[in-house]
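Asks: okay, sequence plus prediction incoming.
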Amino acid sequence: MAKKAKQLKYKLLSIKTEQFTTIENIYKEEETTEINTIISFKSSSDHRIINSISKFSLLQKESVFLILEVSCSFGIKDESWMLIWNKSTDTTTLPRNFAILLAGLNIDTSRGILSSRTEQSPYKEVLIPILDISHYIISDVVITSIEG
C-alpha cells in the first residue's frame, strides 16, 4: 500500500496500562538487564479504532522481574479509514510508516509510564531504550477486525 502515514488523519483516544507487574528479589542493579519487546495491533471497523499494544518483559539471568503492557487507542477519521479498511475481508491494512508512527507513540508513552511507576522504587534506573521500530515493522500490517 503506497499511502503515507501523514496522509491518514487520526487522534489519540486513550492510553491504558494493561499490565504492570514486578517480581521481587530478582532485579540487581549491577546485573545486565535484557528486554523482550512485543508490538501488536488490533482494530475495530465498527468504531474506526486502531489499538497499538506494546509489551515489555525485563529480565536478568533469564528471570523476568518486570512486565509492562500498554495499549494506545487511536481514532481514525472516516475518510482515512476508507483508505486502509477492506470491507469485503473486514481487514485493516496499516501502511508500514503509519504502523511505525503508532508503535512509536505507544513505546514513548510506555517509557513515560515505566518511569512514573518506578520512580520511587528499586527499579527507578530501569529504562526502555530508544528502539528503531523500523527493525520490528518491516512491511504493511494487516489486521483482522475485532468487535467492540
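Replies: It's in. Computed from a prediction, not measured in an experiment: that's the story for all the values here.
Asks: for T92, grab phi and psi.
Replies: phi -120, psi 130 (degrees, to the nearest 10).
Asks: which parts of the chain are helices?
Replies: Listed in chain order, the helices found in the chain under DSSP state H are 78-84, 96-118.
Asks: quick check: which of these is nearest to S54?
Replies: When these are compared by CB to CB, helix 96-118 sits nearest S54, at 4.9 Å. All C-beta atoms are positioned from the backbone trio N, CA, C, and that covers glycine.
Asks: so for the closest one, mean pLDDT?
Replies: Taken as a whole, helix 96-118 has a mean pLDDT of 97.
Asks: same thing with stretch 44-64?
Replies: For stretch 44-64, the per-residue pLDDT averages 96.
Asks: show me where the protein has strands.
Replies: 10-22, 34-44, 49-60, 63-76, 85-86, 91-94, 141-144 (DSSP state E).
Asks: highest mean neighbour count out of the helices of the chain?
Replies: helix 96-118 (a mean of 19; mean count of other CB atoms under 10 Å).
Asks: what's the angle from that one to strand 49-60?
Replies: Helix 96-118 runs at 50 degrees relative to strand 49-60, counting by axes from the mean of the first three to the mean of the last three CA atoms, to 10 degrees.
Asks: tabulate the strands of the chain (TSV), appending mean neighbour count and distance to T109.
Replies: Formatted as TSV, the strands of the chain follow (neighbours: other CB atoms under 10 Å; distance: least, CB to CB, whole Å):
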stretch	mean neighbour count	distance to T109
strand 10-22	14	6
strand 34-44	16	13
strand 49-60	21	9
strand 63-76	20	6
strand 85-86	15	25
strand 91-94	21	18
strand 141-144	18	19
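Asks: need those strands in a markdown table with distance to Q120, can you?
Replies: Below are the strands of the chain laid out as a markdown table (distance: least, CB to CB, whole Å):
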| stretch | distance to Q120 |
| --- | --- |
| strand 10-22 | 12 |
| strand 34-44 | 22 |
| strand 49-60 | 18 |
| strand 63-76 | 15 |
| strand 85-86 | 44 |
| strand 91-94 | 37 |
| strand 141-144 | 37 |
